[in-house]
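> Provided below are the primary sequence and the corresponding predicted coordinates.
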Amino acid sequence: MTKLKLLVTNNVRKFGMIIALIGIALFFQVLTGGALLTPLNVTNIIMQNSYIIVLAIGMMIIIITGEIDLSVGSVAAFIGALAGFFMATLSLPVSASVLICLIVGAIIGAWQGFWVAYMRIPSFIVTLAGMLLFRGLTLIVLDGRTIAPLPDSFRTMSAAFLPDINAGGEIKLLTLIIGFVASVLYILYEIRLRKVAKFYRFKVTSKGFFVFKISFFVAALNLFTYFLALYRGLPVVLLILVTLVLGYSFIMSKTVLGRHIYAVGGNMNAAQLSGVRTKKMKFLAFVNMGVLAALAGLIFTARLNASTPQAGTLFELDAIAAAVIGGASFSGGVGSIFGAVIGALVMGVLNNGMSLMGIGTDWQQAIKGLVLLSAVAFDVLNKNKGRM
């Protein structure tokens, strides 16, 4: 019992957010009369919040370095405007337009990263200026108008589903098969990690808790894919998200680059004395944020099937809130990609549940603000408790 208590205490933020997500989902499931956890709505939650998850991944890395980016919503809107201009006005191919937009996103990230990392201007000021700059450029590109519709092939990234092996069936078998295969791979991965930890005589959890953890996540994964299979199967955008989450999780936890990013946020002076190129790490974090903001803008534009001047409004709030709720600390050096996804889903379920209940956007914003404040207060109190 003592070991279990110690394990939960050491991972209070990680387990707390997962429990909070489940609790919020069940809370709205009751209040909405079962409307929240239907196959259609579960799919909608994923597709409606896909661009926030993308932004949250980039924002998590930015906050880990001890910085902030307030411009992501305006950058996403600007990239969406460029995409509409390229495809609808200039009639450029979809692939070329997407590639150019991602390159522009990288250039924007490099521009802001240069001022933050090498000129040492506070990221709050640089990205606040970027928020105004790119919102203005969005209006210039669109001339205050909405560009629509966009090519069907472009909409595929945000609105399409994987074709199924049993066309016309009520349950999409391919989705169930993918969920089963993912479960097997997850089990093998966890067993391998445990064996490696034991080989090097690292401390591991009890066998009972290990089995419980695997069983919980496998059950959750297969229940999730079952819900998707009851509607239209796996959305294409979900595959994009899974690829990003796995790729960035590997980079941040298994590579030298990831360790250096954590080192910069944990203690920049110590990292610099240890040979870490701190300026380069911060610069790359902003370049990465620019690319992910561009991708989020493309996903949002594809889902909306239009480039609009109002796109990206308050995206930075949702991205920052998702990262902080997911375990990031504004002092830097703390956070995980999985936590960012959990945080984004918490915000997504809150938005969706309140919308289903008919709560207005004014109250939704107020409630989200309180949730963000609570997450930051929890982080501060938890740290102060640790110092005592």
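Yep, it's here.

> So which residues of the stretch 51-200 of the chain form helices?
72-84, 94-113, 123-142, 152-159, 173-199 (DSSP state H, counting those that start in this stretch).

> Any idea which of those gets closest to G258?
Closest to G258 of those, according to Cβ to Cβ: helix 173-199, at 16.7 Å. Using the backbone N, CA and C atoms, a C-beta is placed for each residue, glycine as well.

> Counting by contacts, list what that closest one packs against.
Secondary-structure packing of helix 173-199 (3 or more Cβ pairs under 8 Å, 6 or more residues apart in numbering; DSSP states H and E): helix 207-230.

> Residues in contact with the helix it packs on: which ones?
The list of residues contacting helix 207-230 from outside it, by Cβ atoms under 8 Å, 6 or more residues apart in numbering, reads 4, 7, 37-39, 42-43, 170-173, 175-176, 178-180, 182-183, 186-187, 190, 194, 204-205, 234-235, 238.

> got the helices of the stretch 51-200 of the chain as a markdown table, with mean neighbour count, distance to A366 and mean pLDDT columns?
Output for the helices of the stretch 51-200 of the chain, formatted as a markdown table (neighbours: other Cβ atoms under 10 Å; distance: least, Cβ to Cβ, whole Å; pLDDT from 0 to 100):
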| stretch | mean neighbour count | distance to A366 | mean pLDDT |
| --- | --- | --- | --- |
| helix 72-84 | 29 | 19 | 97 |
| helix 94-113 | 19 | 30 | 97 |
| helix 123-142 | 18 | 22 | 96 |
| helix 152-159 | 17 | 29 | 91 |
| helix 173-199 | 14 | 37 | 93 |
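
> what's the closest of the ones you listed to V54?
With Cβ to Cβ, the closest approach to V54 among the helices of the stretch 51-200 of the chain belongs to helix 72-84: 9.1 Å.

> any idea of the angle that closest one forms with helix 94-113?
Taking axes from the mean of the first three to the mean of the last three Cα atoms, to 10 degrees, one finds that helix 72-84 is oriented at 150 degrees with respect to helix 94-113.

> for R145, what are its contacts?
Taking Cβ under 8 Å, 6+ apart as the criterion, R145 is in contact with P309.

> picking up where we left off before, with respect to R259, which of the helices of the stretch 51-200 of the chain lies nearest?
helix 173-199 (17.6 Å).

> And the residue nearest the centre of the chain, how far from S249?
Residue closest to the average C-alpha location in the chain (Cα atoms, centre = their mean): I53, at 2.5 Å. Distance of I53 to S249, given as Cβ to Cβ, to the nearest Å: 13 Å.

> what's the answer for M87, then?
With Cβ to Cβ as the criterion, M87 and S249 are 32 Å apart.

> and the two? which has more neighbours close in?
M87 (24 against 17; other Cβ atoms under 10 Å).

> and the gap between the more buried one and E190?
M87 sits 43 Å away from E190, going by Cβ to Cβ.

> and the gap between T32 and N352?
9 Å.

> One more: A263?
Noted for A263: a distance of 37 Å to N352, by Cβ to Cβ.

> neighbours around L295, how many?
25.

> ok, it touching V54?
Yes. Using Cβ atoms under 8 Å, L295 makes contact with V54 at a distance of 5.5 Å.

> Following the chain onward from the least confident helix or strand in the chain by mean pLDDT, which element is next?
When the helices and strands of the chain are compared on mean pLDDT, DSSP states H and E, helix 2-10 comes out lowest with a mean of 53. Going down the chain from helix 2-10, the next helix or strand is helix 12-31, by DSSP states H and E.

> Which parts of this structure belong to which domain?
36-160+235-380, 165-234 (automatic domain parsing).

> how much distance is there from the shortest one to the middle of the chain?
I take that to be domain 165-234. 20 Å (Cα atoms, centre = their mean, to the nearest Å).

> likewise the longest one?
Average the C-alpha atoms of domain 36-160+235-380, do the same for its chain, and the two points are 7 Å apart (Cα atoms, centre = their mean).

> Tell me, how many residues neighbour R259?
Count around R259 with other Cβ under 10 Å applied: 14.

> that's a helix at it, yeah?
Yes. Counting by DSSP: H, G, I helix; E, B strand; the rest coil, R259 is found in a helix.

> do you know how far it is from K279?
For R259 relative to K279 (Cβ to Cβ), the value is 17 Å.

> same check, this time on L139
Computed as Cβ to Cβ, the L139 to K279 distance reads 33 Å.

> same thing with V236?
V236 is 37 Å from K279, where distance means Cβ to Cβ.

> again, but for Q48
Q48 sits 37 Å away from K279, going by Cβ to Cβ.

> Please apply the same query to T138.
30 Å.

> Equivalent analysis for T225, please.
For T225, the distance to K279 - Cβ to Cβ - is 43 Å.

> Neighbour count for the two, which is higher?
Using other Cβ under 10 Å, the more surrounded residue of T225 and K279 is T225, with 22 against 17.

> Next one: the more buried one, what pLDDT does it get?
Note on T225: pLDDT of 94.

> try S91
Per-residue confidence (pLDDT) for S91: 93.

> cool, Y118 as well?
Looking at Y118, the pLDDT reads 96.

> Quickly find the element holding the residue lying closest to it once chain neighbours are set aside.
Ranked by Cβ to Cβ, 6 or more residues apart in numbering and with sequence neighbours excluded, the top spatial neighbour of Y118 is K279, at 5.8 Å. Per DSSP H and E, K279 falls inside helix 278-304.

> Packing partners of that helix?
On a contact count with 3+ Cβ pairs under 8 Å, 6+ apart, helix 278-304 meets helix 50-64, helix 72-84, helix 94-113, helix 152-159, helix 236-254, helix 256-266, helix 268-273.
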